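**Q** Return atomic coordinates for the entry below.
(one chain, ligands or ions: 1)
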Amino acid sequence: MPDPSLQEAQRCGRHADVCQRVDEAEARKKAAVLNDELEAAIQIKSEITAIKAELAPETEVASWRDHVANGARDSSLRGTAERLEQRCRCMDDSFGRAALAVAVRNFGRCCPPAGPPKSLSELPGLLLRKRRAEQMSRAVEAASSGSARRTLEALTACLRAVARLLGACTEHLRELSGPEWSDEEREEAAGSDEFKGLLQGLGAARRILWRLGLAAELFLPGGDAAAVDDGDVAAADAAKLRELHAGAAQRLGEARSAWARLEAELAGLRVTLAAWEPDECFEVGGGPGAGQARSAPLCALCLLPAMPMGGLGAGSSEDGGAVSSLWKGGLWHVNCANFWARHTVGLLADLGLADPFA
Ligand SMILES: [Zn+2]
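**A** Prediction:
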């Protein structure tokens, strides 16, 4: 049985919520009847009828139940985990072996547990995990055929760059909220093309930060202190890896704090960025072209699927933020390439890093 689409699974999750509301209302009705509160019971009864109208059609529910009962859990992820572990063990380079072992473990943690889910309401979350795990496995494979050290260094440099960029934007916005501006002047400035351009740029920076967060989730050890396995790793490599992990984790924290400060500044100016739903992005297999994302080429920088050059074909609505271009001998998200060229490359020398894409 094929997996339900994410939209279908989300409908299934909503259906499960409605069922719960029906149960709660039934319990209230029962209590009202027991207490001889007949008027209340009648009112709750009509409430129940209204809630039940939101339930999904029975045929659809039956197919979800089948899915849950059969636990149609894809065994391919288990096979992928074994293949990745083996690939990682066979690497000659001890640094790469240790770095990728962390990513393989993170991938394993993301894979949905074996066995059928306990209830319909678990289905959407499990599907998202599965989709993410598949994407993680592709990123690990891409990193293992390149240099794991370069992947981590590029991640660190990008996080530093995004924090700086967001800090500069926050300063810019702060000027606007200063007392020397009248409300009219502020309104005029907020309507200017320059300001609209800034907001658009912030939308792109938000997406870059999200992509970097996904890379960090895959390549950094998280709270796992014993992440670097010293077993068959040269001591110098293990030390270097720990240092890179710590540096990247610190930069990630700084970048996220910079984003929080920027959001606070925007809220103060009563400005909101265009709405955005990460789960619907092409990079994680959502939205238009979701099916193509599984086999789409990966961006050289963020290792997430990039829309094939030339787009998804005539007539399909596209996720403009995921378009790609050839650059430096690889495929890049256009905004990843812009971000690297404009904001990151200039910081490499300060960070003592060589350009991994030179
Ligand atoms: Zn990218």
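
**Q** CA only for contacts and neighbour counts going forward, please
**A** Will do.

**Q** Which residue would you name as the spatial centre of this structure?
**A** By C-alpha atoms, centre = their mean, the chain has its centre lying nearest to residue 214, at 5.4 Å.

**Q** And whichever strand or helix holds that one, what's buried?
**A** Here residue 214 sits within helix 193-219, counting by DSSP states H and E. For helix 193-219, a neighbour-count test (16 or more other C-alpha atoms under 10 Å) marks 198-199, 202-209, 211-219 as buried.

**Q** Show me what from the protein comes close to the ion.
**A** Within the chain, the positions lying close to the ion (C-alpha under 5 Å from the ion) are 299, 302, 333, 336.

**Q** Report pLDDT for the second one.
**A** Residue 302 is assigned a pLDDT of 95 by the prediction.

**Q** Can you tell me the SS state at it?
**A** Here residue 302 is coil, with the state taken from DSSP: H, G, I helix; E, B strand; the rest coil.

**Q** What distance do you get for it to residue 353?
**A** The gap separating residue 302 from residue 353 is 18 Å, by C-alpha to C-alpha, to the nearest Å.

**Q** try the first one
**A** Between residue 299 and residue 353 the distance, using C-alpha to C-alpha, works out to 21 Å.

**Q** Flag every buried residue along stretch 259-267.
**A** Within stretch 259-267, the residues scored as buried using 16+ other C-alpha under 10 Å are 259, 262, 263, 265, 266.

**Q** if I pick the last one, what's in contact with it?
**A** It stands for residue 266. Applying C-alpha atoms under 8 Å, 6 or more residues apart in numbering to residue 266 gives the contacts 173, 272.

**Q** quick one: low-confidence ranges for the stretch 101-250 of the chain?
**A** Scanning the stretch 101-250 of the chain for pLDDT under 70 picks out 223-227, 229-230.

**Q** in this protein, which spans are strands?
**A** For the chain, the strands defined by DSSP state E occupy 324-327, 330-333.

**Q** related to what we said a few turns ago, so how far is the helix holding residue 214 from its chain's centroid?
**A** 12 Å (C-alpha atoms, centre = their mean, to the nearest Å).

**Q** okay but residue 283 is in contact with residue 308, surely?
**A** No - Residue 283 is beyond contact range of residue 308, at 11.6 Å (criterion: C-alpha atoms under 8 Å).

**Q** These two: which is more packed in?
**A** Between residue 283 and residue 308, counting by other C-alpha atoms under 10 Å, residue 283 is the more crowded of the two (28 against 21).

**Q** Nearest residue to the more buried one in space, please, no chain neighbours.
**A** residue 305 (4.9 Å; C-alpha to C-alpha, 6 or more residues apart in numbering).

**Q** number of nearby residues for the one you found?
**A** Residue 305: 29 neighbours (other C-alpha under 10 Å).

**Q** Surely it is in contact with residue 286?
**A** No - judged on C-alpha under 8 Å, residue 305 makes no contact with residue 286 at a distance of 10.9 Å.

**Q** What residues does the residue lying closest to residue 121 once chain neighbours are set aside make contact with?
**A** Nearest residue to residue 121, sequence neighbours excluded (C-alpha to C-alpha, 6+ apart): residue 13, at 4.6 Å. Applying C-alpha under 8 Å, 6+ apart to residue 13 gives the contacts 120, 121, 122, 123, 124.

**Q** Report the two of the residues you listed separated the most.
**A** By the measure C-alpha to C-alpha, 120 and 124 form the most distant pair in the contacts of residue 13, at 8.3 Å.

**Q** anything in contact with each of the two?
**A** 12, 13.

**Q** For the longest helix anywhere in the chain, which residues meet the burial criterion?
**A** Ranked by number of residues, the top helix in the chain under DSSP state H is helix 235-268. By neighbour count on 16+ other C-alpha under 10 Å, the buried set for helix 235-268 is 237-238, 241-242, 244-249, 251-252, 254-256, 258-259, 262-263, 265-266.

**Q** and the angle for it with helix 193-219?
**A** Calculated by axes from the mean of the first three to the mean of the last three C-alpha atoms, to 10 degrees, helix 235-268 forms an angle of 150 degrees with helix 193-219.

**Q** Which of the contacts of residue 13 fall within helices?
**A** Among the contacts of residue 13, the residues falling in helices (DSSP H) are 123, 124.
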